[in-house]
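**Q** Pasting a predicted model and its sequence here:
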Amino acid sequence: VFFSLVLIPYGYKSVIDILNSTNISIEDRYHLAILFLIPMGLGYLGSISINRYRDFTNARFVSKVVKDIYDFSFKKLASHSYNFYSDNFSGSLVAKVKRFVRAFEVIDTTMIQNFWFIIILILGSTSMLYFQSKILALYLFIWCALYLIIVFVYVKQKIKLDIKEAEADSDITAVLSDSI
């Protein structure tokens, strides 16, 4: 992941710098560019292979955990008394179980595919930029920190609305399911 997101663009920069160099003969530029491109190509193929393996293992992991969550939810629902079912709409219970399972899938996708890659990209870009210009790296890091704080504030506000939406969805599903 780090290789494909950060090091390959840095390798392209190195190749372009070599090709634009005026101190080296054209034949030497060609050989140096090839020396950079071959490892980059092999690294890119390795990165693709690792990403495929990661996707496969993540799909296996998520499907196993989703099955376990469904089994756990069924056991919890089966352990309740008759009064519990007479006091609750069956449609509402089904909607809550589905929302519980979907929550895990959303958290997994958000953490693995979105958050993790963004953190790698920001830290990698900042570290590569640090070697070129320390002040620009500092500005990028400060901007990312401010952006993260602002997003965090908005997410906290959105969670309150999501809870109200989930409650309304459960009520609608319960009434519709029991009326059918």
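**A** Alright, I've got the coordinates.
**Q** Now Leu146: which helix or strand?
**A** helix 134-179 (DSSP states H and E).
**Q** which stretches of the protein have low pLDDT?
**A** Along the chain, the model assigns pLDDT under 70 to residues 1-6, 82, 84-91, 177-180.
**Q** Please report the distance of the residue at the greatest distance from the centre of it from Ser14.
**A** Here the centre of the chain is the reference, and by CA atoms, centre = their mean the most remote residue is Ser25, at 45.1 Å. Going from Ser25 to Ser14 by CB to CB, to the nearest Å gives 18 Å. Using the backbone N, CA and C atoms, a C-beta is placed for each residue, glycine as well.
**Q** The helix or strand Ile8 falls within packs against which elements?
**A** Using DSSP H and E, Ile8 sits in helix 8-20. Contact here means 3 or more CB pairs under 8 Å, 6 or more residues apart in numbering; DSSP states H and E; on that basis helix 8-20 packs against helix 26-78.
**Q** tilt between the helix it packs on and helix 8-20?
**A** Interaxial angle, helix 26-78 versus helix 8-20 (axes from the mean of the first three to the mean of the last three CA atoms, to 10 degrees): 170 degrees.
**Q** what about helix 26-78, distance to the chain center?
**A** The chain centre lies 12 Å from the centre of helix 26-78; the measure is CA atoms, centre = their mean, to the nearest Å.
**Q** who are the neighbours in contact with the spatially closest residue to Asp171 that is not a sequence neighbour?
**A** Nearest non-adjacent residue to Asp171, counting by CB to CB, 6 or more residues apart in numbering: Ser92, 7.2 Å away. Neighbour list for Ser92: 170-171, 173-174, 177 [criterion: CB atoms under 8 Å, 6 or more residues apart in numbering].
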